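[1] Build the 3D model from these lines:
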Amino acid sequence: MGLCAHHGAQGFRKGCAGAHPGGWLRRALGRCPMGGRVRTSPHRDTRWMSIECFRARDVTRDRKRSWATTVEKWLRWIGLAAPLICLPACAMLSPQPAALPHIRVERAQDLPASATLRPRNPPLYTPASGREMLLFASDRTGNGDIFVAEPGKAPVNLTDHPAGDWDATWSPTCRDPAATCRIAFTSHRSGDSEIWVMDQYGANLINVTRHPAWDYWPTWSPDGTRIAFISERDGDPELFVQALDGSDAVQLTFNEASDRLPAWSPDGTRIAFAAVRGDIEEIHIINPDGSNEQVLTQWPLRASAPTWSPDGRQVAFVGWAEENRLGIYLLEVGARHPWRLWQGESWIGSLSWSPGTSGIDDSWLLFTSWQDGNHEVYALSPNGSAAPVRITRSSAWDDFPDLRCGTPLRPDNWLLETDTPEALERSTPPTSPADDFAYGFNIADLSKAYLIRDLNLHWAKGYVNWETVEPRRGKYRWADPDNTVAAFESQGLRILLRVHGTPAWARPPGTFLSYPPEDMEDFGRFMEELARRYRGQVAAYEIWNEPNLNYEWGYLDPDPERYTQMLQTAFRAVKAVDPQAQVISAGLATTGQGSPTAMGDLEFLDRMYAAGARGYFDALGSHPYPFGNPPDHRDAWGLSLARVAEQRQVMLAHGDADTPIWITELGWVLHTSWDLVEHETIGVSELEQAQYLARAYEKIRTEWPWVHALFIFNLDFSTVPWYTAREPMRWYAVLNPDRTPRPAYTRIKSQMLDSSGK
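    Okay, here's the model as predicted:
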């Protein structure tokens, strides 16, 4: 991560000490006062964990921020503060209005309609008739909206709002013609992610949850009076239940893991949900009062997206024993062994079991899959008599299908084809890039590598922690990089690997993971083994991370001469065994003129050249984070995307015009109710993030031909269980925590489709 010293800013940030994606590090001194305690996120080196202050089980949150915290943050911004000490308001939610109304009404100023990202040919909207059966969410308008459809007619957009709307589900009471038929869904229109309810016509909207933390994935109780959902108000995704009478939400699960995708049983006595425990996702059931939690599935089968049969005797779920081999499984409640109903060949999710007119006999399993190159809705008979039938066909992301209770479905009469054949052909991911420009993403979850193809991109950036791979001299554990390379190769992606992290045996006792190796030949030997193992598979290696920051250099003063020695050693080692692999210098953090804890990036680069770095890297790595500024902004301190042009001038001054620059990290952090410390003041809206990322790509391609790569930070750090809600990295992602695409994702995909010329 490249966001760092703003005139010497330090303390909590998104990237420390070159940890692997699960260990962007924070260090705090002292203990948390006011009853707080410390939470650490997983990392193999216990000295390098994410340390955060939080109040256990405090779901209401103290929204007051201490004067001392405010002063301390300003001191860090101007480079005068010591490393952050845990203060009373640390990791609490940012201040909110003193009094929230019982129902927060949508305000026109929340997100202006003029900011909506629309596709080239938006569909024609018609009022809902109330007869539509199929409910789903889609970004076919440029951002998430809720649609309803019936056979032979175009889908009707119920929400048509510039904020994202996802996770829609019918109320079970819609079976009764005399009852009010309502739809629950997730919406970002209040500025956070909330659970909303509307009627079947898209009117009478009510904000049910009204909380500054993110709430998502709603599921109805059978009587339609309560909604279970996932909330991050405890700092990580937990299961809650909210009554529609305005009473407070009740928290059902209390853990430091991740709970996902709840589904309420037809008799109302149990809630099934996906639970990540010990890095394994499995299906749990729990009573609606939080008692009697049980595990349904067993290792080695992993499981997600549960849904109940109409009679409540079975649970269907998405299961897999190996990555990228997902299937749909059925399990009798109380039995030990599920059986596989259908084996897919790509991602599967958002499973729902919709009862027909006669219960289970004419019921259907609806789900979303990427098996045809787009996120589409499919229907599968639970008796396994036939292959799934595709219901939607669009270049957009269609998801969260739900069939109204008591309505029959004949999938062969559907196929909601809303794109022209030309648009559908253009949406098919190409097998190779149109040119040599390396455009991709930093990825945390390898199972989401297929999304790079969905975006019509061809590169992915992964991470290699030297300490993890070689914990003892000459003893290698290749599992992590093997998995990374296999996952990216399975999608036909080209690979950039960043290498970081010195093993304990290769650095002085008591030093940190980012400390440079005492003997650079140890590092050279490791790089040679790494490049030999992945010869012809890995296209490029990035050597270390942001060495112009002291905490990325073992808390030593940044040393461009020593780093140049590391770079030269790595270059020789890689080229000796894989001459075709490119060696990229460490991405330099944008640091202006520097500070006591960070060397200015231009000075660091100038001294690298003076130390003989020229000729020992195929491209210069750069992390020109814009600190919330638009892509075309030029900051006097160099804290903008334009900093990369100033780095280019240093290269030219040393006669190195032929070497390109690779931007290996670039992104914009979103506004959030969580206190993201120094990141908080540079946040942007979801629509601004989309516009800025799209414009950054345009600017780089049209104005800077000497930039040959762009890797967005990041794709999916918001979705993985090892980052808590307070972690700033989650808010740089182009996916929401519920895995749905943010407007930036949709905008980038549209931009790539337009530029593909197909």
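
[2] So what's the residue count around R614?
    Number of residues near R614 (other C-beta atoms under 10 Å) recorded here: 15. C-beta here means a position set from N, CA and C on the backbone, and glycine is covered the same way.

[3] What residues does it make contact with?
    R614 is in contact with 654-656, 659, counting by C-beta atoms under 8 Å, 6 or more residues apart in numbering.

[4] can you rerun that using 6 Å?
    D656 (C-beta atoms under 6 Å, 6 or more residues apart in numbering).

[5] next one: S447
    Going by C-beta under 6 Å, 6+ apart, S447 touches E323.

[6] And it, how far from A154?
    33 Å (C-beta to C-beta, to the nearest Å).

[7] Figure out how far the helix or strand hosting A137 is from the centre of its chain.
    In the assignment (DSSP states H and E), A137 maps to strand 134-138. Mean C-alpha position of strand 134-138 versus that of the full chain (C-alpha atoms, centre = their mean, to the nearest Å) differs by 22 Å.

[8] Mind listing the strands it pairs with, and their directions?
    Sheet pairing of strand 134-138 (DSSP bridges) gives strand 145-149 (antiparallel), strand 398-403 (antiparallel).

[9] can you give me the offset of the helix or strand just after the first one from its chain's centre?
    This means strand 145-149. Later in the chain than strand 145-149, the nearest helix or strand by DSSP H and E is strand 156-157. How far strand 156-157 lies from its chain's middle: 27 Å, per C-alpha atoms, centre = their mean.

[10] Equivalent analysis for stretch 181-198, please.
    Stretch 181-198 sits 21 Å away from the centroid of its parent chain (C-alpha atoms, centre = their mean).

[11] List of residues touching it?
    104, 106, 110, 146, 161, 163-169, 171, 174, 199-200, 205-209, 212, 214-216, 218, 227, 229, 673.

[12] how close does the spatially closest residue to G655 that is not a sequence neighbour sit to F571?
    Leaving aside its sequence neighbours, G655 sits nearest to R614 (C-beta to C-beta, 6 or more residues apart in numbering; 7.7 Å). Distance of R614 to F571, computed by C-beta to C-beta: 11 Å.

[13] what comes up buried for stretch 580-594?
    581-594 (16 or more other C-beta atoms under 10 Å).

[14] Let me fix that, I meant to ask about stretch 531-540.
    Under the neighbour-count criterion of 16+ other C-beta under 10 Å, stretch 531-540 has 531, 533-534, 538-540 buried.

[15] so what's P388 up against?
    By C-beta under 6 Å, 6+ apart, the residues touching P388 are 378, 380.

[16] for E686, same thing?
    E686 makes contacts with 742-743, as judged by C-beta under 6 Å, 6+ apart.

[17] Which helix or which strand is home to A696?
    For A696, the element it lies in under DSSP H and E is helix 686-703.

[18] R325 too?
    Using DSSP H and E, R325 falls outside every helix and strand.

[19] how many neighbours does it have?
    Residues contacting R325 under the criterion other C-beta under 10 Å number 12.

[20] Equivalent analysis for D656, please.
    Neighbour tally, D656, other C-beta under 10 Å: 16.

[21] Regarding it, what is its secondary structure?
    Three-state call for D656 (DSSP: H, G, I helix; E, B strand; the rest coil): coil.

[22] Between strand 398-403 and the strand ranked longest in the chain, find me the angle.
    Using DSSP state E to define each element, the chain has its longest strand at strand 359-369. The directions of strand 359-369 and strand 398-403 differ by 170 degrees, with axes from the mean of the first three to the mean of the last three C-alpha atoms, to 10 degrees as the criterion.

[23] I'd assumed W397 was in contact with R140.
    No. If you go by C-beta atoms under 6 Å, R140 and W397 don't touch, sitting 8.1 Å apart.

[24] which element is G587 on?
    In the assignment (DSSP H and E), G587 maps to strand 582-589.

[25] can you list contacts of that strand?
    With contact meaning C-beta under 6 Å, 6+ apart, strand 582-589 is reached by 2, 4, 540-549, 567, 571, 574, 601, 617-623, 662, 664-665.

[26] Sort out for me which of these are in helices.
    Under the assignment DSSP state H, the contacts of strand 582-589 contribute 567, 571, 574, 601 to helices.

[27] and the buried residues of stretch 531-540, which two are the farthest apart?
    Largest separation among the buried residues of stretch 531-540 by C-beta to C-beta: R533 and A540, giving 15.2 Å.

[28] helix/strand/coil for the residue lying farthest from the centre of the chain?
    In the chain, the greatest distance from the average C-alpha position (C-alpha atoms, centre = their mean) is reached by A178, at 41.8 Å. Look at A178: counting by three-state DSSP, its state is coil.

[29] Model confidence score at it, please.
    The model reports A178 with a pLDDT of 78.

[30] in the stretch 301-450 of the chain, which spans are helices?
    421-427, 450-454 (DSSP state H, counting those that start in this stretch).

[31] rank those by mean pLDDT and give me the bottom one.
    Note on these: lowest mean pLDDT is at helix 421-427, with a mean of 50.

[32] ok, P631 to P300 distance?
    Using C-beta to C-beta, P631 is found at 46 Å from P300.

[33] These two: who's more crowded?
    Taking other C-beta under 10 Å, P631 and P300 do not tie; P631 has more neighbours (21 against 8).

[34] What is the neighbour count of the nearest residue to N292 once chain neighbours are set aside?
    In this structure, N292 finds its nearest non-sequential neighbour in I286, 6.7 Å apart by C-beta to C-beta, 6+ apart. Look at I286: counted by other C-beta under 10 Å, it has 21 neighbours.

[35] I figured I286 hits V295, correct?
    No. Look at I286 against V295 with C-beta under 6 Å: they stay out of range, at 10.5 Å.

[36] circling back to that earlier point, just name the closest of the buried residues of stretch 531-540 to N442, please.
    Distances from N442 to these, taken by C-beta to C-beta, are shortest for A540, at 13.7 Å.

[37] how much space is there between the closest residue to the closest one other than its chain neighbours and T597?
    The shortest distance from A540 to any non-neighbouring residue, by C-beta to C-beta, 6+ apart, is to Q582 (4.0 Å). Using C-beta to C-beta, one gets 31 Å for the distance from Q582 to T597.

[38] repeat for P262
    When distance is defined by C-beta to C-beta, P262 is 44 Å away from T597.

[39] So these two - more neighbours on which side?
    P262 (24 against 21).

[40] I figured that one hits A272, correct?
    No. With contact defined as C-beta under 6 Å, P262 does not count as touching A272 (7.0 Å).

[41] got the contact list for M133?
    By C-beta under 6 Å, 6+ apart, the contact set of M133 is 150, 403-404, 407.
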